[in-house]
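Novice: How does the following fold in three dimensions:
(one chain, ligands or ions: 1)
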Amino acid sequence: MESETDIFYKELPKVELHAHLNGSVSVQTIEKVISRKPHLNIEQNMTAIGKGQRRTLDECFQVFKVIHQLVDSEEDILMVATDVIKEFAADGVKYLELRSTPREETKTGLTKKSYIETVIKAIQQCKIDGVDIDVRFLVAIDRRNGTEVAMETVKLAEEFMLSSDGLVVGLDLSGDPTVGHGKDLLPALQKAKNCGLKLSLHLSEVPTQQEETDLLLNLPPDRIGHGTFLHPEVGGSQSLVDKVRKNNIPLELCLTSNVKGQTVPSYSKHHFNYWYQLGHPSVICTDDKGVFSTDLSQEYQLAASTFGLSHEDVWKLSQQAIDCIFAPDDMIQQLKQKWVDMKPQVFK
Ligand SMILES: CC(C)=CCNc1ncnc2c1ncn2[C@@H]1O[C@H](COP(=O)(O)O)[C@@H](O)[C@H]1O
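Specialist: All right, here's what the predicted structure looks like:
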């Protein structure tokens with residue numbers, strides 16, 4: 001049975017701004033895909049990291065490869081994206097920015113273009129079905145793939161930004177942080193910014209990225225994913241912190257992901273506390289709710305129990321995330337009104 005606190009976090013209206021599509025696939029959906037492809041011999045426990053378990057960063061990235069093997073056709077992407085959106089809605093998420101790396105798969109006829117079209121179709125279908133959530137899409141660049149692919153991805157993202165009726169709003173830079181260097185991606189990111197795509201960049205996810213972070217902060221990005229090693233206490237620097245603060249760049253913070261991926265030693269040592277104490281815009285997110293066996297309610301509850309936040313503090317935290325979304329002003333106003341309308345029910 002759910003306790004009263006669990007109910008508070010579920011009923012709390014929430015904004016999810018950092019969710020990788022293929023990392024967000026639930027056990028139930030993975031089982032459906034596995035049953036379509038028994039010849040792959042993939043078991044559900046190969047796609048998720050359970051409670052109390054930890055993995056190296058490298059092992060985590062191997063998990064994505066397994067999921068990519070399973071999810072490799074338009075049909076799979078449509079099912080996975082639809083399920084993920086409905087699950088976020090069932091968890092009380094009212095606004096979701098999904099991100100995903102377009103892939104092509106010759107054996108199923110999937111192209112990067114049809115990949116994005118399929119995600120958009122899932123978003124539109126959920127709207128038609130009356131699922132109570134607004135969803136926008138960020139096209140992702142996997143840093144592993146280098147300069148040329150990054151530039152191609154930006155062109156594709158720009159095309160869809162202009163043709164998707166406002167559903168494609170930005171670009172994400174992600175992938176294994178130990179591979180490649182941001183300087184090679186800078187021209188593509190600059191081009192994306194110039195054409196009006198919003199930028200969310202994974203920065204300082206591992207300690208060796210100081211120089212890259214310093215360079216990419218000059219863009220500046222519109223939001224930062226993780227930013228685990230920005231501050232001086234963990235090997236970052238005051239000048240990086242100052243740049244982030246001067247430009248008021250919100251951080252997307254994913255507690256369980258960082259603990260399970262071992263870039264942060266424990267929940268209590270998570271950098272959420274550093275930025276929250278500064279009063280800097282920090283948004284609690286899931287990263288990969290499927291892979292890390294979590295959901296957004298649980299992440300809010302963990303932040304509250306670890307850092308002693310009251311229900312009122314948590315409410316403010318979820319409300320303040322609205323100002324960090326990439327959708328335009330009318331959506332911000334709509335969401336703010338939704339929070340006002342829902343407050344009496346959540347605090348009853
Ligand atoms: C390993 C670990 C602790 C992961 C959490 N932090 C992450 N850091 C960087 N890129 C990520 C992370 N989680 C997911 N991704 C990216 O998202 C992809 C999966 O979602 P998609 O195929 O883009 O739909 C991964 O292949 C990777 O490129």
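Novice: Near the ligand, which residues of this protein? Just list them.
Specialist: Within the chain, the positions near the ligand by CB under 6 Å from any ligand atom are 20-23, 57, 60-61, 64, 100-101, 140, 142, 174-175, 202, 205, 257, 261, 287-288. C-beta coordinates here come from the backbone N, C-alpha and C atoms, glycine included.
Novice: Enumerate every residue touching the residue in the stretch 151-300 of the chain positioned nearest to the ligand.
Specialist: In the stretch 151-300 of the chain, the residue that lies nearest the ligand is residue 261 (2.5 Å; CB to the nearest ligand atom). Neighbouring residues of residue 261 by CB atoms under 8 Å, 6 or more residues apart in numbering: 54, 55, 56, 57, 60.
Novice: related to what we said a few turns ago, filter the residues of the chain next to the ligand down to the buried ones and hand me the ChimeraX line.
Specialist: Those of the residues of the chain next to the ligand that count as buried under 16 or more other CB atoms under 10 Å are selected in ChimeraX with:
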select :20,21,22,23,60,61,64,100,101,140,142,174,175,202,205,257,261,287,288
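Novice: Which members of the residues of the chain next to the ligand are positioned in helices?
Specialist: Among these, DSSP state H puts 57, 60, 61, 64, 257 in helices.
Novice: Can you tell me how far the second one is from residue 3?
Specialist: Residue 60 is 31 Å from residue 3, where distance means CB to CB, to the nearest Å.
Novice: Counting neighbours, what do you get for residue 234?
Specialist: Residues near residue 234, counting by other CB atoms under 10 Å, number 15.
Novice: cool, residue 292 as well?
Specialist: By the measure other CB under 10 Å, the count of residues near residue 292 is 28.
Novice: which SS state does it fall under?
Specialist: With DSSP: H, G, I helix; E, B strand; the rest coil as the basis, residue 292 sits in coil.
Novice: That one touches residue 49, doesn't it?
Specialist: Yes - counting by CB atoms under 8 Å, residue 49 is a contact partner of residue 292 at 5.8 Å.
Novice: so what's in contact with those two at the same time?
Specialist: Between them, residue 292 and residue 49 share the contacting residues residue 260, judged by CB under 8 Å, 6+ apart.
Novice: wait, what's in contact with residue 306?
Specialist: Contact partners of residue 306, counting by CB under 8 Å, 6+ apart, are 255, 267, 268, 270.
Novice: Narrow those residues to those that are buried.
Specialist: Buried by 16+ other CB under 10 Å: 255, 267, 270, out of the contacts of residue 306.
Novice: Next, format these as a markdown table and append secondary structure.
Specialist: Below are the buried ones among the contacts of residue 306 laid out as a markdown table (three-state DSSP):
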| residue | secondary structure |
| --- | --- |
| 255 | helix |
| 267 | helix |
| 270 | coil |
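Novice: pLDDT value on residue 2, please?
Specialist: pLDDT recorded at residue 2 is 66.
Novice: and if you look at residue 229?
Specialist: Looking at residue 229, its pLDDT is 98.
Novice: hang on, isn't it packed against residue 206?
Specialist: Yes - Residue 229 is in contact with residue 206 according to CB under 8 Å; the separation is 6.8 Å.
Novice: Mutual contacts of the two, please.
Specialist: Joint contacts of residue 229 and residue 206 (CB under 8 Å, 6+ apart) are residue 263.
Novice: between the two, which one's more packed in?
Specialist: In terms of neighbours (other CB under 10 Å), residue 229 is the more surrounded of residue 229 and residue 206; the figures are 25 against 15.
Novice: got a list of what that one touches?
Specialist: 204, 205, 206, 207, 209, 210, 235, 236, 263.
Novice: how about CSV for those, with pLDDT and distance to residue 93 added?
Specialist: Converted to CSV, the contacts of residue 229 look like this (pLDDT from 0 to 100; distance: CB to CB, whole Å):
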residue, pLDDT, distance to residue 93
204, 98, 26
205, 97, 23
206, 96, 28
207, 95, 31
209, 94, 29
210, 94, 33
235, 93, 33
236, 96, 30
263, 96, 24
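Novice: Quickly note the distance from the residue in the stretch 1-150 of the chain that the ligand sits nearest to to residue 53.
Specialist: In the stretch 1-150 of the chain, no residue comes nearer to the ligand than residue 60, which is 2.9 Å away by CB to the nearest ligand atom. Per CB to CB, residue 60 is found 11 Å from residue 53.
Novice: intersection of neighbour lists for these two?
Specialist: Shared contacts of residue 60 and residue 53, counting by CB under 8 Å, 6+ apart, come down to residue 260.
Novice: which SS class is residue 219?
Specialist: Classification of residue 219 by three-state DSSP places it in coil.
Novice: so how far is the strand or helix carrying residue 135 from its chain's centroid?
Specialist: Taking DSSP states H and E as the definition, residue 135 sits inside strand 134-142. Centroid separation for strand 134-142 versus its chain: 9 Å, with CA atoms, centre = their mean, to the nearest Å.
Novice: and that strand, which strands flank it?
Specialist: Note on strand 134-142: by DSSP bridges, its sheet partners are strand 93-100 (parallel), strand 168-174 (parallel).
Novice: Now it: average pLDDT?
Specialist: Strand 134-142 comes out at a mean pLDDT of 98.
Novice: and of the buried ones among the contacts of residue 306, the nearest to residue 133?
Specialist: Closest approach to residue 133 among those (CB to CB): residue 255, at 22.2 Å.
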